[in-house]
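Enquirer: Would you be able to build a 3D model of this:
(one chain, ligands or ions: 2)
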Amino acid sequence: MKYFFKNPVFIKTAMKEPDYPLLLTVKGTPMQEIAVTGRSNVGKSSLLNHIFARKGLVKTSSSPGKTQAINFFTTDDTLSLVDLPGYGYAKVPLEIRKKWGPMVQKYLEKRPTLELVLFLFDIRRVPNEDDFRMMDWLIHAGKSVILVLTKVDKVKSNEKKANTDKILKAFALQNLYHTHYSVTKNIGRKELIAMVNEALGEVVNDAEAEAESVGEDE
Ligand SMILES: Nc1nc2c(ncn2[C@@H]2O[C@H](COP(=O)(O)OP(=O)(O)OP(=O)(O)O)[C@@H](O)[C@H]2O)c(=O)[nH]1
Ligand SMILES: [Mg+2]
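Expert: Ligands and ions are numbered 1, 2, ... in the order given. Below is the predicted model of the structure:
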């Protein structure tokens, strides 16, 4: 286990490649980077605050379209995390949506240190064309993906199982890592941290993954 998500720091906001930060560890090597993607309002920024155990470090909103640029954070002084604007929200003006698509795509293409993507998906929904396109693109770009099913507090346990099966079947990917999350009920942080370490090639010691976390209101 290497990453504990301690000492979260906001680094900067960027829209274009020349503005992306060059993040180095104390050893002078580039930090491994994780990006968080998914439909608008799925809970990306809230999950980052929860995993950082730091309310309000990442801006969230009950109205979709809150995150409008690429936000870089670091944690443990060794890992970089990126909060991306969500896709697929029709009420965001077309002019803005037209900019977000290429902005996110460029980032995903031009960031060699990006190793892992947390693909957030609301457990109450079924994947649509935008979701399939994003997932396909990530897989073909060779990024590791963890599917994080969010807002599990909103479904009963039998629905949780049925919906999970349905969503996994729709994505139709063998061995896709997946896990459940609820910021409001404080579910899934330890499991996700362990999964991230595993996906990044770190040996996982369960006891070490135990850490404090904060709840968040919707
Ligand atoms: N019930 C419940 N609500 C949640 C959970 N996580 C986030 N929310 C709520 O969902 C809404 C959207 O959260 P954000 O974290 O801003 O979503 P986002 O994916 O970053 O949205 P964009 O920045 O617009 O792409 C807020 O009202 C959150 O409080 C959760 O686990 N359970
Ligand atoms: Mg956001």
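
Enquirer: Can you point out the helix or strand that includes the residue most central in space within the chain?
Expert: The chain has Val36 as the residue nearest its centroid, 2.4 Å off, counting by C-alpha atoms, centre = their mean. Per DSSP states H and E: Val36 is located in strand 32-38.

Enquirer: wait, doesn't Leu116 sit right on Ala141?
Expert: No - counting by C-beta atoms under 8 Å, Leu116 does not reach Ala141; the two are 11.9 Å apart. Using the backbone N, CA and C atoms, a C-beta is placed for each residue, glycine as well.

Enquirer: what about those two, which has more around it?
Expert: Neighbour totals were compared for Leu116 and Ala141, and Leu116 leads with 20 against 12 (other C-beta atoms under 10 Å).

Enquirer: sorry, back to before: so what secondary structure elements neighbour the strand holding Val36?
Expert: When contacts are defined as 3 or more C-beta pairs under 8 Å, 6 or more residues apart in numbering; DSSP states H and E, strand 32-38 sits against helix 44-52, strand 79-83, helix 94-110, strand 114-122, helix 129-140.

Enquirer: Can you lay out the ones you listed as CSV showing mean pLDDT and distance to ligand 2?
Expert: As requested, these are arranged in CSV below (pLDDT from 0 to 100; distance: least, C-beta to the ion, whole Å):
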stretch, mean pLDDT, distance to ligand 2
helix 44-52, 96, 3
strand 79-83, 97, 6
helix 94-110, 85, 12
strand 114-122, 97, 10
helix 129-140, 92, 15
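
Enquirer: Make JSON lines out of these and add distance to Ile167.
Expert: Formatted as JSON lines, the helices and strands packed on strand 32-38 follow (distance: least, C-beta to C-beta, whole Å):
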{"stretch": "helix 44-52", "distance to Ile167": "17"}
{"stretch": "strand 79-83", "distance to Ile167": "22"}
{"stretch": "helix 94-110", "distance to Ile167": "22"}
{"stretch": "strand 114-122", "distance to Ile167": "6"}
{"stretch": "helix 129-140", "distance to Ile167": "9"}
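
Enquirer: For Val183, find the nearest of these.
Expert: helix 44-52 (4.6 Å; C-beta to C-beta).

Enquirer: Perfect, I'm done here.
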